[in-house]
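S.K.: fold the following for me, if possible:
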Amino acid sequence: MKSVADLSRRIVSIAIAAMMIVGIGSLTLAQDKGRAKDPNEKKKKEELKSVYKKWLEEDVSYIITDEERKAFKTLKTDEERDQFIEQFWLRRDPDPDTPENEYKEEYYQRIQYANEKFSSGIPGWRTDRGRIYVKFGKPDEIESHPSGGSYDRPSYEGGGSTTTYPFETWWYRYIEGVGSDVEIEFVDPSGSGEYRIAQSPNEKDALLYTPNGGLTLAEQLGMSSKADRINNPFGSQTGQMFGGRAKDQPFERLALMADLNRAPSIKFRDLQVIADVPEIATDILPFSVRTDFFRMSSESVATSFTMQFDHSDLSFKNQGGIYSGQVNIYARLTGLSGRRAGNFEDTVQTARYGEEQLKEGQAQRSIYQKNLALPPGRYKLDVVARDTVSGKTGILHHSFEVPRYQEKALATSTLILAASVEPLDNKSIPAGQFIIGRYKVKPYVSGVYKPGQNLALFLQVYDAEMDQSTLQPALRVEYSVSKGGQELFHAVEDGKTKLGIIDMKGQQLVVARAIPLLNNLAEPGSYTVTAKITDLVSQKVVSPQAQYTVVSK
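M.R.: Residues are numbered from 1 along each chain as shown. Have a look, this model is predicted:
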């Protein structure tokens, strides 16, 4: 009987345990069910969803590209959206080495300013003026007519006097992706304070629909009718007496509207990402780069980066029987500490060739030069170049040291191996690529020559002492070429032959020489060329050198 009682107690215990398990499970399910119905949690999810919607449709609606918008809408999780937003701002950060994102901070400051200044029943950032300000920042000039009133038209608007609605004209010297000399006119025909972008100068004319009111000079003389202006809402004055501006023509105005509506471009950002990669495995685009230095002061050195692209490595695009190639460049400059020292990006466009010139053109080369002022020190240049026709990409990491020039110490610039040296008109010294003082010097970047070419040399000389008898520096300039330690060529420059220059005008001293690669200088191999500069007054000597290679034809 005892065993039966024990068995009964065990059965009861098991049943109670089972009931407890079922109860706990039911309680858990009830709690889960209760949480699912929690209105606060649902509200939080909706608020979180609205944050991303607001970011997409309000915060960045003017600057996000179509590709970015499409990509954002495909994201499934909030974590992915957060990462996207972080990368969105990083792609626009002008200086990633600083903890602040200057672009992001300025962008939200623009929105705040637009809301304060341009609100008119709707938030300021939604107005036309707000949109332009948020996208492109403060204009370089503003012409404001807040009350409208009497207005004398300029000649390019047809001349004559009229009365206008309130209007403003904003002028930008340059907008990336839009162009130079950008003029945007805003008109408030309702007087409500909401200015709208005008597609024609006639939109501000309050007397446009008033018979015989506010006539242009051509209309006063019967050369045209006001109906012509009314029926021509997009363009310049019809039949006006004076020539209009090119940017006021219908096509130009429509093109400007399209450019202003487009999201600001992120120029060559894909190339910037590639610059972080140590090497590229496939589709390599070869190119060369050299660095040259010219003294500006003891703390500032003009540094020239010259890149050379052989046309034989590029692909040419045929457009109507005209062939041309194009390379996009992104370059990043980093100091020894790893801090960003600057960057630049540009496009190199080859010359255009006809069908019969193409073969000859593919044997040519294109060079590009960028000049920056840098303090002395060590730097690294990361350059990415992409052939826009073939898609081939090349990357080059180039380390160099900007020299420190001491005051009142005989010194020279880099000894440049040049493709050409041309003196310029002293009356008008232009600036830009390849301009060094009074000369246009195109470096021969690769340093690889063929027999028969001229080895052109160019350099500046600094702080040579004056000869008191002539009040001019007195220099002895010698050139030598050696191979394997053996001197093969030596010349003393006197400045009297067509092959050499000694230019001592003003404070800038220039020496240059052309050495034909003939006879023993035409044999394949590596050579060293030396320019020995002796100051005959102080007896100081400097001897800059450069290396080059001769290959067989």
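S.K.: I figured residue 380 hits residue 401, correct?
M.R.: No. Counting by C-beta atoms under 8 Å, residue 401 is not a contact partner of residue 380; they are 10.5 Å apart. The way it works is simple: take the backbone N, C-alpha and C, and place the C-beta from them, glycine included.
S.K.: out of those two, which sits in the busier spot?
M.R.: residue 380 (15 against 12; other C-beta atoms under 10 Å).
S.K.: which residue ranges of the protein form helices?
M.R.: Using DSSP state H, the helices of the chain run over residues 2-36, 39-54, 66-73, 78-90, 102-117, 128-136, 217-220, 226-230, 250-261, 269-274, 358-361.
S.K.: weakest of those in terms of mean pLDDT?
M.R.: Mean pLDDT per stretch puts helix 2-36 lowest among the helices of the chain, at a mean of 43.
S.K.: okay, and the beta partners of the closest residue to residue 128 other than its chain neighbours?
M.R.: In this structure, residue 128 finds its nearest non-sequential neighbour in residue 197, 4.7 Å apart by C-beta to C-beta, 6 or more residues apart in numbering. Per DSSP bridges, the residues bridged to residue 197 are residue 186.
S.K.: mind listing what residue 197 touches?
M.R.: Counting by C-beta atoms under 8 Å, 6 or more residues apart in numbering, residue 197 touches 128, 132, 184-186, 257, 260.
S.K.: again with residue 145
M.R.: 151, 164, 166-168.
S.K.: which one of those is nearest residue 51?
M.R.: Closest approach to residue 51 among the contacts of residue 145 (C-beta to C-beta): residue 168, at 34.5 Å.
S.K.: counting neighbours, what do you get for the closest one?
M.R.: Neighbours of residue 168 (other C-beta under 10 Å): 19.
S.K.: could you give the bridge partners of it?
M.R.: Under the criterion used (DSSP bridges), residue 168 bridges to residue 144, residue 186.
S.K.: show the pLDDT at it.
M.R.: At residue 168, the pLDDT value in this model is 96.
S.K.: repeat that for residue 199.
M.R.: Value listed for residue 199 in the pLDDT field: 86.
S.K.: the residue most central in space within the chain bridge partners, please.
M.R.: When the chain is reduced to its mean C-alpha position, the nearest residue by C-alpha atoms, centre = their mean turns out to be residue 345, at 4.4 Å. On the basis of DSSP bridges, residue 345 is bridged to residue 330.
S.K.: swap in residue 548?
M.R.: residue 527.
S.K.: so who does it touch?
M.R.: 417, 444, 447-449, 455, 526-527, 529.
S.K.: could you list the low-confidence segments of this structure?
M.R.: For the chain, the stretches with pLDDT under 70 are 1-48, 96-97, 232-244, 266-283, 337-338, 425-431, 494-498, 505-508.
S.K.: gap between the two ends of stretch 322-329?
M.R.: 23 Å (C-alpha to C-alpha, to the nearest Å).
S.K.: just checking, residue 461 touches residue 476?
M.R.: No. Counting by C-beta under 8 Å, residue 476 is not a contact partner of residue 461; they are 11.5 Å apart.
S.K.: show me which of the two is the more surrounded one.
M.R.: Shown here are residue 461 and residue 476; by other C-beta under 10 Å, residue 461 has more neighbours (24 against 13).
S.K.: ok, and the closest non-adjacent residue to that one?
M.R.: Residue 461 sits nearest to residue 509 (C-beta to C-beta, 6+ apart), 4.0 Å away.
S.K.: isn't residue 416 right up against residue 457?
M.R.: Yes. In this structure, residue 416 is within contact of residue 457 by C-beta under 8 Å, at 7.0 Å.
S.K.: which residues are common contacts for the two?
M.R.: residue 546.
S.K.: okay, now residue 286: neighbour count?
M.R.: Neighbours of residue 286 under the rule other C-beta under 10 Å: 14.
S.K.: isn't it right up against residue 394?
M.R.: Yes. The pair residue 286 / residue 394 is scored as a contact, 5.9 Å apart, by C-beta under 8 Å.
S.K.: how far away is the nearest residue in space to residue 408 that is not next to it in sequence from residue 533?
M.R.: Nearest non-adjacent residue to residue 408, counting by C-beta to C-beta, 6+ apart: residue 463, 5.4 Å away. Distance from residue 463 to residue 533, counting by C-beta to C-beta, to the nearest Å: 11 Å.
S.K.: quick check: neighbours shared by these two?
M.R.: Each of residue 410 lies in contact with both residue 463 and residue 533 under the rule C-beta under 8 Å, 6+ apart.
S.K.: when the two are compared, which one has more neighbours?
M.R.: residue 533 (22 against 19).
S.K.: residue contacts, the more buried one?
M.R.: Counted by C-beta under 8 Å, 6+ apart, residue 533 has contacts 410, 412, 461, 475-477, 511, 541-544.
S.K.: can you flag which of these belong to strands?
M.R.: Secondary structure assignment by DSSP state E places 412, 461, 475-477, 511, 541-542 of the contacts of residue 533 in strands.
S.K.: list buried residues within those.
M.R.: 412, 461, 475, 477, 511, 542 (16 or more other C-beta atoms under 10 Å).
S.K.: make TSV out of the residues you listed and add distance to residue 358.
M.R.: Below are these laid out as TSV (distance: C-beta to C-beta, whole Å):
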residue	distance to residue 358
412	41
461	43
475	47
477	43
511	39
542	46
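S.K.: nearest to residue 365, out of those: which one, please.
M.R.: Among these, residue 511 lies closest to residue 365 (C-beta to C-beta), at 26.0 Å.
S.K.: residues contacting that closest one?
M.R.: 458-459, 461, 475, 477, 493, 500-503, 531, 533.
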